[in-house]
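> Next input, structure requested:
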Amino acid sequence: MRFRFIEEHRSAFSIELMCRVMAVSPRGLRAFRSRTASRRQRSDLVTLAHIKEQSRLSLGSYGRPRMTEELKEIGLDVGHRHVGRLMRQNGITVVRTRKHKVTTDSDHKFNIAPNLLDRDFAADLPNQKWAGDISYVWTLEGWLYLAVILDLHSRRVIGWAVSNRIKRDLAIRALNMAIAFRAPPKGCIHHTDRGSRYCSHDYQNILRQHGFKVSMSGKGNCYDNAAVETFFKTIKAELIWRQSWDSRRQAEMAISNTSTGSTIRDDATQHWAGKARSPSNGKWPKRALGAARKRDSSKVDRVLQSQATTFCAWRAATCHGLLAEK
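Numbers count the residues shown, from 1 in each chain. Below you'll find the model as predicted:
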C-alpha cells in the first residue's frame, strides 16, 4: 500500500521525501516496480477492461448494480462490492439530473379501473399483458411527449407516438399502432396509470372494441407501472440525456431509430421491474421484430415475421404525420 501510494503521488511530491516519510527504501520501491502483478491484480485488470467496455457501450449509463449483472451475464464471477470498488477507483460514475415534468392528470371524473396487474409484470406468452405510459423529452423548442405501449412478455415497444401536446390522441395513436402490429386476442390485460388520457371515453372505447381487460395503477403510485417507468429511465439515460436536442423533430427521429432498434444495442437497454427481471432475461431488443425470439414460440415468431412488412409500411406512412399538429 505504501509503494502504491508513492507511485500514485509521484507527480506531486518528491520520491525521496515520500520514501523517507513512509519509512521505505528506494531499493524496495524499485523492486515493487519490477514485481509481476499478483493474481488478484490481473483479475482486476480483466474485470476493469470489461467494465470500461460496458460503460462505453451503455453510453456511461450503467451504475454498480446493472454493471454487476451485465458482467455476470458475460461469464465473470464478480460481486457488487468488487465492481463498485473498481468503478470508484477509476472514476467511472453515472450522473443523471434533468428537468422534471408532470404527465399524469388524475384529477378528472372519468371512471377508474381496478388494478388487475397488481405489480405482476411476468407474462408466459406474448399479448397477455400490455402496459403503457407517457413521458417527456426536453428540447430547445419545448417539451416533446412520448407515449409507448409495451408487451410485458418480451418487454418490447409495440406501439409509440410523439407530440408537442399531451392530449388523448397521443395515447390513442400509440395504442392503435400496437393493435395494428399485434392484433391481440380478447382478454389481454391493458395496464396504465389513471391519467385522463387513458380514462377518456375515446381511449376506453377502443379497449372495449378489442376486448382488453382494463387495469390501472393506484393514485400517485408509480410502482404499479414500474415496467414502463423503468423503460423511460433507460431510454432517457442511454439516449435522451446524452445530448441537447435542438428541435422536437430531431428528438423524434432519434426515438424512432431507438424504437426500431438501430440506435441502442440489444443489451444496452436492460429493463428492470424493481429487482425482478422479465421472462426474457430483462433484455430490450436491438431489432424490434426479433430479439425476444428466444422466449417466444416458433409459431409466434412466424406470425411476427409475417406482420413485419405490413407494420413497417404502416409506420413509414404514418411517421411523417406524427408532428402534423405542431
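> if you average pLDDT over the helix or strand containing Arg81, what comes out?
Following DSSP states H and E, one finds Arg81 within helix 80-89. Helix 80-89 carries an average pLDDT of 92.
> Quick check: next helix or strand after that helix?
Proceeding C-terminally, helix 80-89 gives way to strand 129-139 as the next helix or strand, assigned by DSSP H and E.
> which residues sit against the helix holding Arg81?
For helix 80-89, the surrounding residues in contact (CB atoms under 8 Å, 6 or more residues apart in numbering) are Asp44, Thr47, Leu48, Ile51, Arg64, Pro65, Met67, Thr68, Leu71, Ile92, Thr93. For every residue, glycine as well, the C-beta is placed using N, CA and C.
> buried subset of those?
Of all these considered here, the ones buried according to neighbour count by 16 or more other CB atoms under 10 Å are Asp44, Thr47, Leu48, Ile51, Arg64, Met67, Thr68, Leu71, Ile92.
> The last one: what's its closest spatial neighbour, skipping adjacent residues?
Which is Ile92. Nearest in space to Ile92, with sequence neighbours left out and distances taken as CB to CB, 6 or more residues apart in numbering, is Ser55 at 5.5 Å.
> next one: phi and psi at the one you found?
With angles defined as degrees, to the nearest 10, Ser55 sits at phi -70, psi -40.
> OK, contacts around it?
When contacts are counted by CB under 8 Å, 6+ apart, Ser55 touches Tyr62, Met67, Ile92.
> Let me know whether the second one touches Arg56 as I believe.
No: using CB atoms under 8 Å, Met67 is not in contact with Arg56; the gap is 11.9 Å.
> So, low pLDDT: which residues of the stretch 151-300 of the chain?
Counting by pLDDT under 70, the stretch 151-300 of the chain has low-confidence residues at 258-300.
> got the residue ranges for the strands in it?
For the stretch 151-300 of the chain, the strands defined by DSSP state E, counting those that start in this stretch occupy 156-163, 189-192, 213-216, 272-273, 276-277.
> would you list those in JSON lines and tack on distance to Val228 and mean neighbour count?
Below are the strands of the stretch 151-300 of the chain laid out as JSON lines (distance: least, CB to CB, whole Å; neighbours: other CB atoms under 10 Å):
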{"stretch": "strand 156-163", "distance to Val228": "10", "mean neighbour count": "24"}
{"stretch": "strand 189-192", "distance to Val228": "8", "mean neighbour count": "26"}
{"stretch": "strand 213-216", "distance to Val228": "13", "mean neighbour count": "20"}
{"stretch": "strand 272-273", "distance to Val228": "9", "mean neighbour count": "22"}
{"stretch": "strand 276-277", "distance to Val228": "15", "mean neighbour count": "14"}
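> Put the alpha carbons of stretch 120-131 into PDB.
These are the backbone C-alpha positions of stretch 120-131, laid out as PDB (Å, rounded to 0.1, in the frame of the first residue of the first chain):
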ATOM      1  CA  ASP A 120     -47.200  -8.900 -11.600                       C
ATOM      2  CA  PHE A 121     -45.000  -8.000 -14.600                       C
ATOM      3  CA  ALA A 122     -44.400 -11.500 -15.700                       C
ATOM      4  CA  ALA A 123     -46.200 -13.000 -18.700                       C
ATOM      5  CA  ASP A 124     -45.800 -16.500 -20.100                       C
ATOM      6  CA  LEU A 125     -46.800 -15.600 -23.700                       C
ATOM      7  CA  PRO A 126     -47.000 -12.500 -25.900                       C
ATOM      8  CA  ASN A 127     -50.200 -10.400 -25.800                       C
ATOM      9  CA  GLN A 128     -51.100 -11.500 -22.300                       C
ATOM     10  CA  LYS A 129     -50.200  -8.200 -20.600                       C
ATOM     11  CA  TRP A 130     -49.600  -4.800 -22.100                       C
ATOM     12  CA  ALA A 131     -48.600  -1.700 -20.200                       C
END
